[in-house]
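Colleague: Only the shape, not the letters, is given here:
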DNA sequence: CACCTTTTTAAACATAAGTTCAAAAAATAA
DNA sequence: TTATTTTTTGAACTTATGTTTAAAAAGGTG
C-alpha cells in the first residue's frame, strides 16, 4: 500500500473521529458538514473528496464501531473457557468500550432513524451478529440453570439495555473511575444470570 | 371551561398524538410539519395556531409523557407498604407504560439532542424527579442489604436502562404478550436488588 | 525544473422545510 | 339573519445547509 493511500486512509479516520465527537454532543442532525470540517481546519468542500455525502460519513462511522465491538467479543469467547468469567469479561469490556467510544455509540441508538435500505440492513446485521455473540456467552451458562433457554434473548436484551443506557447518564466527571464503575456494574449485572442459591 | 376551550384542548392532544406517532417511526428531524398536519387532514399552517413552532410541539409532548409517568410512580409509592412489592409494581408499570406509549418514549431518549435552555432544564428536572421516585423505592429496600446505599443511583440507572432499552427491541408481534413480558422482565430485574441468599 | 496527479478551496447552487400572513371559511352568539 | 370571533387555508417567504464544480494549490515523480 502506497504512502498516498495510507495518508488518505488516515485522513478518512480523522474525519470520522471529528464527525463522531461533534455528533455526540449535538446529534447527527444538528451537526453540520461545516463544523466537522472546521474542527479539522478544512473546508466542507474537502469532505466530499473523501466521502460521497454526509450520510455516507455517518454510515462508515457506525460500521467501523460495530466491527470493532464484534472483534472484541469474539476474541473474549475464544480466549475464555470458564463461561462465567467469559461473560464477566465481555460485560466489562463492553462497558469500557462504551465509555471510550461514547460518541459513536450515541449515534447507533436508533439506527432506524438514521439509516435505510442497504445501509440499515448492514447495520442491523452487524448488531445482530454482536447480539448472537452475547447469546453464545449466555448459552454457555445454561448448565448453571440460572436462566432458561427460552429466555436467552430476553436476558441478553436486559443486559445490553442496562449497559447501553450508560450513554444517558455516564459522565467522565463521575465519582467512580471507569474501571471501578465497570467492575461494579458487572457485579450487579451478573446477579441477573447467577443462580439464586450460590 | 367553555366548550370552545375544551375543543381546542382536544385538538392540541390530537396534534401531539399525531406528531409522536410519526416521530416514533421516522425520528424528529425526519418528520415534517406537513406530515403531522396531513395525518389529521389539516394543512401545516393550522398547526401554528395551536403551537408556537415545531420545537414547542415536541416539548409539550415530552412534558405530557413525563408528568404522566411521575403520576404513575408516585401513586404506587403511596399505595404500597411492602417495599419489595412496591418496586415490583413500579417496574411492571413502567414497562407496561413504555409499551403503550412507545412512540413518545423514543423521543426522550437523548433530550440533550432535542432540547436546550429552559426546555432542557424542564425536561431534565422531570426526569430527575422520576428517578428520585425510583431511588425512594430502592432505599426502602435497604434493610434487606441487597444493595449498598451508595450504589442506589447506579442500580437505579441499571434498572431504568434495562427497561428503557425496550424501545430498541420490543415488538408487539413478539412471542410473549405484554403482561407476560412485563412479568418476566420484572422477575429478572428484581434479582439485581434481591439478596443473594433468599 | 517541468509535468502530472492528488487535494483543497471558495463560491455558487439547489432545495427542503419551518414560519408568516392576509384572506376565506366555519363556528358561535345576539 | 347579521355580526363577531375562532379556525383554517394556501401561497409566499426565509433560511440553513448539503452538494457541486471549476479553478487553484500542494505534493510527488522523472
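Modeller: Yes, it's here. Keep in mind that this is a model prediction, so the values were computed, not measured. Numbering: from 1, shown residues only, chains lettered A, B, ... in the order given.

Colleague: Check which helix or strand residue A:138 maps to.
Modeller: Under the assignment given by DSSP states H and E, the secondary-structure element containing residue A:138 is helix A:117-139.

Colleague: so does that helix get close to chain B?
Modeller: No. Judged by CB under 8 Å from any CB of the partner chain, helix A:117-139 makes no contact with chain B; its nearest approach is 9.1 Å. C-beta here means a position set from N, CA and C on the backbone, and glycine is covered the same way.

Colleague: Let me know the next secondary structure element after that helix.
Modeller: With elements assigned by DSSP H and E, the helix or strand that comes after helix A:117-139 is helix A:152-164.

Colleague: Check the offset of stretch A:34-47 from the chain's centre.
Modeller: Taking CA atoms, centre = their mean, to the nearest Å, the mean C-alpha location of stretch A:34-47 is offset from the chain mean by 26 Å.

Colleague: How about that stretch and DNA strand D, touching?
Modeller: Yes. Looking at stretch A:34-47 against DNA strand D by CB under 7 Å from any atom of the strand, the contacts come from A:34, A:44-45.

Colleague: Name the residues of stretch A:156-175 that are buried.
Modeller: Neighbour-count burial for stretch A:156-175 flags A:156-168, A:170 (criterion: 16 or more other CB atoms under 10 Å in any protein chain shown).

Colleague: Then stretch A:75-87?
Modeller: Along stretch A:75-87, the positions that meet the burial threshold by neighbour count (16+ other CB under 10 Å) are A:76-77, A:80, A:83-84, A:86-87.

Colleague: and which of those residues is nearest residue A:185?
Modeller: residue A:87 (13.0 Å; CB to CB).

Colleague: now what about stretch A:111-128, what contacts it?
Modeller: Among residues not part of stretch A:111-128, those counted as contacts by CB atoms under 8 Å, 6 or more residues apart in numbering or on different chains are A:28, A:55, A:58-59, A:62-63, A:66-67, A:70, A:107-108, B:25-27, B:30.

Colleague: Kindly reformat the buried residues of stretch A:156-175 as TSV containing pLDDT and distance to chain B.
Modeller: Output for the buried residues of stretch A:156-175, formatted as TSV (pLDDT from 0 to 100; distance: CB to the nearest CB, whole Å):
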residue	pLDDT	distance to chain B
A:156	96	9
A:157	96	5
A:158	97	4
A:159	95	8
A:160	94	7
A:161	95	3
A:162	96	4
A:163	94	7
A:164	91	6
A:165	91	3
A:166	90	7
A:167	83	8
A:168	86	7
A:170	89	9
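
Colleague: follow-up on the earlier one: which of the contacts of stretch A:111-128 are close to DNA strand D?
Modeller: The residues of the contacts of stretch A:111-128 that also fall near DNA strand D, by CB under 7 Å from any atom of the strand, are residue A:55.

Colleague: Excluding chain neighbours, what is closest to residue A:54?
Modeller: The spatial neighbour of residue A:54 that comes closest, neighbours along the chain excluded (CB to CB, 6 or more residues apart in numbering or on different chains), is residue A:33 at 5.9 Å.

Colleague: gap between that neighbour and residue A:48?
Modeller: When CB to CB, to the nearest Å is the yardstick, residue A:33 and residue A:48 sit 8 Å from each other.

Colleague: Counting neighbours, go ahead and name the busier of these two.
Modeller: residue A:33 (18 against 14; other CB atoms under 10 Å in any protein chain shown).

Colleague: isn't the more buried one right up against residue A:46?
Modeller: No. With contact defined as CB atoms under 8 Å, residue A:33 does not count as touching residue A:46 (9.8 Å).

Colleague: So which residues on chain A come close to DNA strand D?
Modeller: For chain A, the residues in contact with DNA strand D under the definition CB under 7 Å from any atom of the strand are A:2-4, A:7, A:30-34, A:44-45, A:48, A:53-55.

Colleague: Which one of those sits in the busiest neighbourhood?
Modeller: The member of the residues of chain A next to DNA strand D that has the most neighbours, counting by other CB under 10 Å, is residue A:31 with 23 neighbours.

Colleague: distance of that one from residue A:39?
Modeller: Residue A:31 sits 10 Å away from residue A:39, taking CB to CB as the criterion.

Colleague: Which residue ranges of chain A form strands?
Modeller: Remark: no strands are assigned in chain A by DSSP state E.

Colleague: where does chain A dip in pLDDT?
Modeller: For chain A, the stretches with pLDDT under 70 are A:1, A:103-104, A:106-107, A:144-146, A:196-198.

Colleague: Looking at the residues of stretch A:34-47 next to DNA strand D, which one is closest to DNA strand C?
Modeller: Distance from DNA strand C was checked for each of the residues of stretch A:34-47 next to DNA strand D by CB to the nearest atom of the strand. The minimum falls on residue A:45, at 2.4 Å.

Colleague: residues touching residue A:55, list them.
Modeller: For residue A:55, the contacting residues are residue A:119, taking CB under 8 Å, 6+ apart as the criterion.

Colleague: Recalculate using a threshold of 7 Å.
Modeller: With contact set as CB atoms under 7 Å, 6 or more residues apart in numbering or on different chains, residue A:55 has no partners.

Colleague: any idea how chain A splits into domains?
Modeller: Domain assignment of chain A by automatic domain parsing yields the ranges A:1-51, A:54-193.
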